[in-house]
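> Could you work out the structure for the sequence below:
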Amino acid sequence: MSHKLFVSLPIKNLDRTVAFFKALGFTFNPKFDSENGACMLIGKHAYAMLVVEDLFKTFTKKQICDTKTHVEGAYGISCESRAEVEAMWTKALACGAKDGGPPEDHAFMYSRSFEDLDGHHWEVVWMDPKEAVQ
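Residues are numbered from 1 along each chain as shown. A predicted model of the protein is given here:
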């Protein structure tokens, strides 16, 4: 059975957030876009629903995480090479992201991390295809 993954993330400013991820090369499905959210395509079966905080608050009775002091998760995006990892990470920082720390290099796997404009933690990862999870 094949599943699709939809991760909903609270954001403060929709236009700014969409512009940030478009600058990183992501596309959006306009069918699910509104003044309160956008559907970012991550892969064939993976999507990030970027939802303005006021609407996101209606999804749960819990408080939204303050990403200045807490992390609600780490979201990984695979790349096809180390160079692609570096390019996306560099572009993210140039577009206003914060550096998530030093690179992780394990020979068969390489990653860089950043915090997006709303403080969400993203891992950009390359893994040797011979070692990749199938």
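> drop to CA atoms for contacts and neighbour counts, all remaining ones
OK.
> So for the closest residue to residue 127 other than its chain neighbours, what's the pLDDT?
With sequence-adjacent residues excluded and distances taken as C-alpha to C-alpha, 6 or more residues apart in numbering, residue 127 is closest to residue 109, at 4.3 Å. Note on residue 109: pLDDT of 94.
> wait, residue 109 sits on residue 124?
No. Look at residue 109 against residue 124 with C-alpha atoms under 8 Å: they stay out of range, at 10.6 Å.
> more crowded one of those two?
The neighbour comparison of residue 109 against residue 124 (other C-alpha atoms under 10 Å) goes to residue 124, with 22 against 16.
> can you list the domains in the chain?
Per automatic domain parsing, the structural domains of the chain span 1-64, 69-134.
> so where is the protein shaky, pLDDT-wise?
Scanning the chain for pLDDT under 70 picks out 1, 132-134.
> Tell me where it has helices.
Ranges of helices within the chain are 14-23, 53-56, 82-94, based on DSSP state H.
> Residue 75 contacts residue 121, doesn't it?
Yes. Contact criterion C-alpha under 8 Å: residue 75 and residue 121 qualify, at 6.3 Å.
> and those two? which has more neighbours close in?
residue 121 (21 against 13).
> Apart from its neighbours in sequence, what residue is nearest the more buried one?
That would be residue 115: by C-alpha to C-alpha, 6+ apart, it lies 4.6 Å from residue 121.
> how many neighbours does residue 131 have?
Neighbour tally, residue 131, other C-alpha under 10 Å: 9.
> can I assume it is in contact with residue 108?
Yes. Counting by C-alpha under 8 Å, residue 131 touches residue 108, with 6.8 Å between them.
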